[in-house]
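Undergrad: Have a look; sequence and predicted model below, questions after that.
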Amino acid sequence: QVQLVETGGGLVQAGNSLRLSCAASGSYARTISNNGMGWFRQAPGKEREFVATISWNGGATNYLDSVQGRFTISRDRVKNTVYLQMNDLRVEDTAVYYCAASRSAAASTSTDMYRYWGQGTQVTVSS
């Protein structure tokens, strides 16, 4: 099994930055180094939405349009950890952020492609 644990969330003012981390553990944790990874978020009363994704080797990334240029996804395959650097945060970025491990090596924007999910970390941006 694989467990994903997100950390780094919190309360910040608009314009500031946060860095989320997602660490994998478990008996098969090392296997996800060969899988695409993604970050998703869910705001109150809204559906979960794609935020960012990265391929197995970091060679391909994709972002939600509204975070393009402000957020950066990266990974450390040795540490089995994925990061989401979030700069110039906006009130509308407020949500619970989830990381997920894909079923494939590619970067994917679809929730259906993801097999393992973390429990989420709250990000709150105040004005």
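TA: Happy to help now that I have it. Numbering: from 1, shown residues only.
Undergrad: Report the contact partners of the residue nearest the centre of the chain.
TA: The centroid of the chain falls nearest to residue 39 when counting by CA atoms, centre = their mean (2.4 Å). Listed by CB atoms under 8 Å, 6 or more residues apart in numbering, the contact partners of residue 39 are 20, 22, 51, 52, 53, 73, 82, 84, 97, 98, 99, 100. Any C-beta I mention is one placed from the backbone N, CA and C, and that applies to glycine too.
Undergrad: same thing but 7 Å
TA: Taking CB atoms under 7 Å, 6 or more residues apart in numbering as the criterion, residue 39 is in contact with 51, 52, 73, 84, 97, 99.
Undergrad: what's the answer for residue 100, then?
TA: Counting by CB under 7 Å, 6+ apart, residue 100 touches 37, 38, 40, 114, 116, 117.
Undergrad: how much distance is there from the helix or strand hosting it to the middle of the chain?
TA: Element membership for residue 100 (DSSP states H and E) is strand 95-102. Relative to the centre of its chain, strand 95-102 is centred 5 Å away, using CA atoms, centre = their mean, to the nearest Å.
Undergrad: now whichever helix or strand comes after it: mean pLDDT?
TA: Later in the chain than strand 95-102, the nearest helix or strand by DSSP H and E is strand 114-117. For strand 114-117, the mean pLDDT works out to 95.
Undergrad: can you tell me which two in the contacts of residue 100 are farthest apart?
TA: Maximum pairwise distance in the contacts of residue 100, criterion CB to CB, is 12.4 Å, between 40 and 116.
Undergrad: Count the neighbours of residue 3 for me.
TA: 15 (other CB atoms under 10 Å).
Undergrad: what bridges to it?
TA: With DSSP bridges as the criterion, residue 3 is bridged to residue 25.
Undergrad: before we move on, the earlier item: in terms of packing, which of residue 40 and residue 116 has more residues around it?
TA: Between residue 40 and residue 116, counting by other CB under 10 Å, residue 40 is the more crowded of the two (24 against 20).
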